[in-house]
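K.L.:
my questions are about this predicted structure, shown below with the sequence.
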Amino acid sequence: MRVLIVGGAGYIGSHVCHAFADRGDSVAVLDNFSSGSRINMPEEVEVFEGDIMDKSFLGRALSIGWDGVVHLAAFKAAGESMTDPGKYAVNNICGTINLLNAIVNAGAPPLVFSSSAAVFGEPVRLPIDEDHPKAPENFYGYTKLEIENLLDWFDKLKDLKFAALRYFNAAGYDSKGRVREPEKDPQNLLPVIMEAAAGIRENLIIHGDDYDTRDGTCIRDYVHVSDLARAHVQAMDYLVAEKKSLKVNLGSESGISVAEMVKEAVAITGVDFPRVKGPRRPGDPAKLVASSSLARNLLGWETTQSDAASLISSTWSLYRRYIECPKA
């Protein structure tokens, strides 16, 4: 299979590249490298360097002919999306429209789209399944939901088959060490913990310890990025075989609290890094846990590396290598 991975140089994208390449698919990456890293991709990938805002460039890249396309090119910082919504509207929504038009003009190969649990907003029930109400609480989540709506129409009007994969909390790194550079400017819990343990960051701020949870800290559903990457391969196979679109949640179906992640990180790294208590962040729900039964039933997808020890060990392994030999 010939697969074009748009945004394939990014954190999740590079792992998706390895997942397709591992089974012998021909992989190409389209990326502007604004946040991605060349050294994280498989050496044999073909690279199209350019931006999804460039319609002519997209047309040329898609016209080569692909058996499938994966779309991961988006800005994703929820906080920034609330202060600079125009940036997110242009790149995430307009850029995706450009890509969808180019895909349709190229014969409408199936598309696997990187969506997000941010489409749901504040949970009204747990675990969160695919039918849970969609009420994004940040503009980033709004862009993802709007793209899902666009995909429904492109399927209906242009027969573009798609899989929208709603990630919960992506974490961890490739256990084989092939992804060698950490994500730039991380904002999620685990890489922030790693930066505190490595001395890159002064301390870890724990935002709230008085939630209605088992230890007072927020609980989140973490899923290993390699488990996520494998879901992209399985979703592409489903689209090719079934020729039906789908939207599925991808999570571990179990929650890990901030305090539990910190305790495990201290044990694995051997570093009792500084922690300080901070205020609750607006809009932070106490607990988010996914139901991934639909992905399991339709795709045969299961998590294999999404326990706390695997998440932390794979991340700490990368940070230690990178600090000792940056960009090697």
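P.N.:
Nice, thanks for sending it over. Note that the structure is predicted; figures quoted are calculated from it, not measured.
K.L.:
distance from stretch 39-56 to the middle of the chain?
P.N.:
On the basis of Cα atoms, centre = their mean, to the nearest Å, stretch 39-56 is displaced by 18 Å from the centre of the chain it belongs to.
K.L.:
swap that for stretch 267-278, please
P.N.:
26 Å.
K.L.:
what is the mean pLDDT for it?
P.N.:
Here stretch 267-278 scores 96 as its mean pLDDT.
K.L.:
and the end-to-end length of it?
P.N.:
Using Cα to Cα, to the nearest Å, one end of stretch 267-278 lies 23 Å from the other.
K.L.:
just for the chain, where's the confidence low?
P.N.:
The model of the chain has pLDDT under 70 over residues 325-328.
K.L.:
and the longest helix along it, what does it pack onto?
P.N.:
The single longest helix within the chain, with elements called by DSSP state H, is helix 139-158. Secondary-structure packing of helix 139-158 (3 or more Cβ pairs under 8 Å, 6 or more residues apart in numbering; DSSP states H and E): helix 78-83, helix 85-88, helix 95-105, strand 111-116, strand 162-167. Every C-beta, even on glycine, is put in place using the N, C-alpha and C of the backbone.
K.L.:
got the buried residues for the shortest one?
P.N.:
In this case it means helix 85-88. Residues of helix 85-88 classed as buried by neighbour count (16 or more other Cβ atoms under 10 Å): Tyr88.
K.L.:
need the CA coordinates for it. CSV is fine.
P.N.:
Extracted C-alpha coordinates of helix 85-88, given in CSV (Å, rounded to 0.1, in the frame of the first residue of the first chain):
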residue,chain,number,x,y,z
PRO,A,85,-8.8,31.3,17.2
GLY,A,86,-8.0,32.7,13.7
LYS,A,87,-4.7,30.8,13.5
TYR,A,88,-6.6,27.6,14.3
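K.L.:
can you give the contact residues for that helix?
P.N.:
By Cβ atoms under 8 Å, 6 or more residues apart in numbering, the surrounding residues in contact with helix 85-88 are 75, 80-81, 139-140, 143.
K.L.:
just the buried residues of the residues you listed.
P.N.:
The buried subset of the contacts of helix 85-88 (16+ other Cβ under 10 Å) comprises 75, 80-81, 139-140, 143.
K.L.:
count the neighbours of Leu239 for me.
P.N.:
Counted with other Cβ atoms under 10 Å, the neighbours of Leu239 add up to 20.
K.L.:
surely it and Asp159 touch.
P.N.:
No: between Leu239 and Asp159 there is no contact under Cβ atoms under 8 Å: 11.9 Å.
K.L.:
thinking again about what came up before, so the longest helix of the chain versus strand 111-116, what angle?
P.N.:
150 degrees (axes from the mean of the first three to the mean of the last three Cα atoms, to 10 degrees).
K.L.:
buried residues in helix 139-158?
P.N.:
139-148, 150-151, 154-155.
K.L.:
now it: how far from the chain's centre is it?
P.N.:
17 Å.
K.L.:
what angle separates it from helix 95-105?
P.N.:
When the same axes, to 10 degrees is applied, the directions of helix 139-158 and helix 95-105 differ by 20 degrees.
K.L.:
just want the angle from helix 139-158 to strand 162-167.
P.N.:
Going by the same axes, to 10 degrees, helix 139-158 makes 160 degrees with strand 162-167.
K.L.:
kindly export helix 139-158 (C-alpha atoms) in PDB.
P.N.:
Backbone C-alpha positions of helix 139-158 (Å, rounded to 0.1, in the frame of the first residue of the first chain) are rendered in PDB as follows:
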ATOM      1  CA  PHE A 139     -11.700  26.300  19.900                       C
ATOM      2  CA  TYR A 140      -9.200  23.500  19.100                       C
ATOM      3  CA  GLY A 141     -11.900  21.000  19.900                       C
ATOM      4  CA  TYR A 142     -14.400  23.000  17.800                       C
ATOM      5  CA  THR A 143     -12.100  22.800  14.800                       C
ATOM      6  CA  LYS A 144     -11.900  19.000  15.100                       C
ATOM      7  CA  LEU A 145     -15.700  18.700  15.300                       C
ATOM      8  CA  GLU A 146     -16.200  21.000  12.300                       C
ATOM      9  CA  ILE A 147     -13.800  18.800  10.300                       C
ATOM     10  CA  GLU A 148     -15.700  15.700  11.300                       C
ATOM     11  CA  ASN A 149     -18.900  17.400  10.000                       C
ATOM     12  CA  LEU A 150     -17.100  18.300   6.800                       C
ATOM     13  CA  LEU A 151     -16.000  14.700   6.300                       C
ATOM     14  CA  ASP A 152     -19.600  13.600   6.700                       C
ATOM     15  CA  TRP A 153     -20.600  15.800   3.800                       C
ATOM     16  CA  PHE A 154     -17.600  14.800   1.600                       C
ATOM     17  CA  ASP A 155     -18.500  11.200   2.200                       C
ATOM     18  CA  LYS A 156     -22.100  11.900   1.200                       C
ATOM     19  CA  LEU A 157     -21.400  14.100  -1.800                       C
ATOM     20  CA  LYS A 158     -18.000  12.900  -3.000                       C
END
